[in-house]
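Enquirer: I would like the atomic coordinates for the input below:
(2 chains)
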2 protein chains.
Amino acid sequence: MVRVRPVCVVGLGLIGGSVLRAAARAGRDVFGASDVAVADPRVEETVAAALERAAREDALVVIAVPLPAVDEVLRLVATHAPSCLLTDVVSVKEPVAEAVARRLPDARYAGGHPMAGRSASGWDAGSADLFDGAAWVVATEEDTSPEAWREAVSLALDCGAQVVPTTMREHDAAVARISHLPHVLSAVLAATGAEGGSLALSLAAGSFTDGTRVMGTRPELVLAMCEGNRAALLDAVDEALGRLGAARGSLASTGGLAATIRAGHEGRQALEDLRTAGSEEIPIDLTDPEAFETLRDLGTAGGRVLRLDGDTAVGALPA
Amino acid sequence: MVRVRPVCVVGLGLIGGSVLRAAARAGRDVFGASDVAVADPRVEETVAAALERAAREDALVVIAVPLPAVDEVLRLVATHAPSCLLTDVVSVKEPVAEAVARRLPDARYAGGHPMAGRSASGWDAGSADLFDGAAWVVATEEDTSPEAWREAVSLALDCGAQVVPTTMREHDAAVARISHLPHVLSAVLAATGAEGGSLALSLAAGSFTDGTRVMGTRPELVLAMCEGNRAALLDAVDEALGRLGAARGSLASTGGLAATIRAGHEGRQALEDLRTAGSEEIPIDLTDPEAFETLRDLGTAGGRVLRLDGDTAVGALPA
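Expert: Residues are numbered from 1 along each chain as shown, chains lettered A, B, ... in the order given. Coordinates of the predicted model:
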């Protein structure tokens, strides 16, 4: 029987708390720790104690704190569990990888990012099913540690997610478009709507409610996420400014918004098409030297890894 | 016993079709007509036939077509039912009022706008409960016909909505902020996200899904709505451009987005505060010459009319 590696989750907010519960649901031996007190038998008293236990049990260490706290956690990992396999569930990947390279240059590390969330935050908001069917990026670079990669992928799959293999740079550019820009536009919308006073807010229906939902999240969390992806977010904001400026110009000059609205409709249609597409299973031999390249191509095409089967990763490609 | 006036709905898409069903649910005698064939015993073969019946039965005529089709419907009203009380459920108010003034200068007219919708459109998407608890604006100007006002308010209340009394100008400015701007920003977001290709769309989770939901609506409907409110929407887009540009500048110079995200969080909080506020009932005597002014103040404060009780409108003011 193959030993299943224990999991040590550091940071037990919405995401970390959900990873702990989801891994436990899958029968994984999991424990964790957090700066904030959490009353749960699986939670150690301090982060240091949890990491010492991780070192003893050769656990996979999962960093699940907001980006600004990552460096301090890495310092503790370097002290207490420097040899453990390492992943993270932070919303940007290049800045975390840079911090890992600084603090733990020899770490066997594969960064991750589950694409799931809700407006509520903290341990109490977490749930074992948060990741069911969700995309979970696992960084798949030429120099990614294969052992850490496989453990990060196993954890994601055990948590009910599907794995999207891609580079950290492509991840950061993509999430700037589909996660961080939505937060910035939501903030702009919420502020502009509220500027209309109680009358405007009283008239707000679905479009405003949906468009501002993520602004219910604690600002500190949104800031940590968006500011941590500064360079890629700047590109996405510039593109949005260009599109909004073009809409403004068209509305002012001809009164028309057709190009803007049609492009938006097509974009939404592309999302729905991808979500309703059939899929074709493809086996990827992980012992193949080109495996990571094949995996990245799968991610670029909107595909995902559904399961690991020995040395084979079974992918699903939209068909 | 007071005679309850029949209702004639012209245009049986999502909104008109829902008005017909909701009015019927309330026990109102209701019929309608549409350009598109609708198999329902309450539906007349042609708009002209429905309007002739409205004239015979002295019905309230409800215009429920997109703005570009309003003028043609008004031409038919002028021909077949020029004396009927008139309202509408079109998403902008000043342009409709201008068209009414051109086509039917003597009309007893009070414009309306229910703040409810969904991405699906057409008769089949409608339902009797679409307006339950929703805001329904009824234009309340000094020169609004009191008879038409009262009939429009009764219809809205019968449909399960709560009435927000305000001027057409204030309505148009408010909906530019909380309905039309959300559509424009949603279009910008959907297009920018899709530009990231299948990888980005594969990673899209709640923030992108919610933020682009309204782009599932047929572009023609969004265009009719947004382009019809051109002047007010331009102001709202300019404000959004200013806020997005400030976010861009701050992100580029200091890397910080705190002002943007905090303003967004406060705006969302204001929405939630208004929705969870208690309320104080206030009776407004409709025979008072200042009644319409009092009603507008109620609307400005985020209040709504809950019911009519003889000559009294019972309002609820957020407390």
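Enquirer: tell me the contacts of the residue of the stretch 1-150 of chain A found nearest chain B?
Expert: Minimum separation of the stretch 1-150 of chain A from chain B (C-beta to the nearest C-beta) falls at A:M115, amounting to 4.2 Å. The way it works is simple: take the backbone N, C-alpha and C, and place the C-beta from them, glycine included. For A:M115, the contact set (C-beta atoms under 8 Å, 6 or more residues apart in numbering or on different chains) comprises A:A134, A:A135, A:W136, A:V137, A:V175, A:S179, B:L203, B:A204, B:A205.
Enquirer: residues touching A:P283, list them.
Expert: A:P283 is in contact with A:D309, A:T312, A:A313, A:V314, A:G315, counting by C-beta under 8 Å, 6+ apart.
Enquirer: Just want the phi and psi numbers for it.
Expert: When quoted as degrees, to the nearest 10, the phi and psi of A:P283 stand at phi -80, psi 140.
Enquirer: Enumerate the positions of stretch A:221-241 that are buried.
Expert: Buried residues in stretch A:221-241, counted by 16 or more other C-beta atoms under 10 Å in any protein chain shown: A:221-233, A:236-237, A:239-241.
Enquirer: These also near chain B: which ones?
Expert: Restricting the buried residues of stretch A:221-241 to those adjacent to chain B (criterion: C-beta under 8 Å from any C-beta of the partner chain) gives A:V222, A:L223, A:C226, A:E227, A:R230, A:L233, A:A236, A:V237, A:E239, A:A240, A:L241.
Enquirer: So, low pLDDT: which residues of the stretch 1-150 of chain A?
Expert: A:1-2 (pLDDT under 70).
Enquirer: Point out the residues in it that sit beside chain B.
Expert: A:M115, A:A116, A:G117, A:R118, A:A134, A:A135, A:V137.
Enquirer: what does stretch A:290-304 rub up against?
Expert: Residues contacting stretch A:290-304 (C-beta under 8 Å, 6+ apart): A:135, A:137, A:140-142, A:144, A:162-167, A:170, A:274, A:277, A:279, A:282, A:284-285, A:288, A:305, A:313, A:315-318, B:197-199, B:201-202.
Enquirer: Which ones among these lie within strands?
Expert: Among those, the members found in strands (DSSP state E) are A:135, A:137, A:162-166, A:279, A:282, A:284-285, A:305, A:313, A:315-318.
Enquirer: Just the buried ones from these?
Expert: Buried, going by 16+ other C-beta under 10 Å: A:135, A:137, A:162-166, A:284, A:305, A:313, A:315-318, out of those.
Enquirer: picking up where we left off before, among the residues of the stretch 1-150 of chain A next to chain B, which pair sits farthest apart?
Expert: A:R118 and A:V137 (18.6 Å; C-beta to C-beta).
Enquirer: List the residues that contact the residue most central in space within chain A.
Expert: Geometric centre of chain A, nearest residue: A:H113, 2.8 Å, by C-alpha atoms, centre = their mean. Shown in contact with A:H113 (C-beta under 8 Å, 6+ apart): A:V89, A:V90, A:S91, A:V92, A:K93, A:W136, A:V137, A:H171, A:V175.
Enquirer: ok, now with 10 Å
Expert: A:15, A:87-93, A:96, A:135-139, A:156, A:164, A:166, A:168, A:171-172, A:175, A:179, B:203 (C-beta atoms under 10 Å, 6 or more residues apart in numbering or on different chains).
Enquirer: Do you have the helices of chain A handy? List them.
Expert: A:14-25, A:47-57, A:67-80, A:94-103, A:146-158, A:168-175, A:181-194, A:197-203, A:206-212, A:219-227, A:230-253, A:258-276, A:291-300 (DSSP state H).
Enquirer: Could you list the buried residues of the second one?
Expert: Within helix A:47-57, the residues that count as buried by 16+ other C-beta under 10 Å are A:V47, A:A50, A:L51, A:E52, A:R53, A:A54, A:A55, A:E57.
Enquirer: measure the residue nearest to A:T287 when sequence neighbours are not counted to chain B for me?
Expert: Nearest residue to A:T287, sequence neighbours excluded (C-beta to C-beta, 6 or more residues apart in numbering or on different chains): A:D311, at 5.2 Å. According to C-beta to the nearest C-beta, to the nearest Å, A:D311 and chain B sit 25 Å apart.
Enquirer: List the contacts of A:D311.
Expert: A:D311 neighbours (C-beta under 10 Å, 6+ apart): A:R150, A:P283, A:I284, A:D285, A:L286, A:T287, A:D288, A:A291.
Enquirer: A:A173 contacts A:L181, correct?
Expert: No - A:A173 lies out of contact with A:L181 (C-beta atoms under 10 Å); the separation is 11.0 Å.
Enquirer: For those two, indicate the residue with more neighbours.
Expert: Each of A:A173 and A:L181 has its neighbours counted (other C-beta atoms under 10 Å in any protein chain shown); A:L181 has more, 28 against 21.
Enquirer: pLDDT wise, what is that one at?
Expert: At A:L181, the pLDDT value in this model is 98.
Enquirer: Does it touch A:V175 like I think?
Expert: Yes - the pair A:L181 and A:V175 passes the contact test of C-beta under 10 Å, sitting 9.1 Å apart.
Enquirer: Tell me how far whatever residue of the stretch 51-200 of chain A ends up closest to chain B lies from B:E266.
Expert: Residue nearest to chain B within the stretch 51-200 of chain A: A:A187 (2.6 Å; C-beta to the nearest C-beta). Per C-beta to C-beta, to the nearest Å, A:A187 is found 10 Å from B:E266.
Enquirer: Can you pull the residues that touch both of those two?
Expert: A:M215, A:P219.
Enquirer: so how many other residues sit close to the residue of the stretch 201-319 of chain A found nearest chain B?
Expert: Per C-beta to the nearest C-beta, A:G264 is where the stretch 201-319 of chain A lies closest to chain B, at 2.6 Å. By other C-beta under 10 Å, the residues close to A:G264 number 32.
Enquirer: Next one: the residue nearest to it when sequence neighbours are not counted, what pLDDT does it get?
Expert: Leaving aside its sequence neighbours, A:G264 sits nearest to B:A187 (C-beta to C-beta, 6+ apart; 2.6 Å). On the pLDDT scale, B:A187 is placed at 98.
Enquirer: Is B:A187 in contact with B:M215, as I believe?
Expert: Yes - with contact defined as C-beta under 10 Å, B:A187 reaches B:M215; the gap is 5.9 Å.
Enquirer: what residues are shared contacts of those two?
Expert: Contacts common to B:A187 and B:M215, judged by C-beta under 10 Å, 6+ apart, are A:I261, A:R262, A:A263, A:G264, A:H265, A:E266, A:G267, A:R268, B:V222.
Enquirer: What's the end-to-end length of stretch A:21-38?
Expert: Taking C-alpha to C-alpha, to the nearest Å, the first and last residues of stretch A:21-38 lie 13 Å apart.
Enquirer: swap in stretch A:211-223?
Expert: Termini of stretch A:211-223 sit 18 Å apart (C-alpha to C-alpha).
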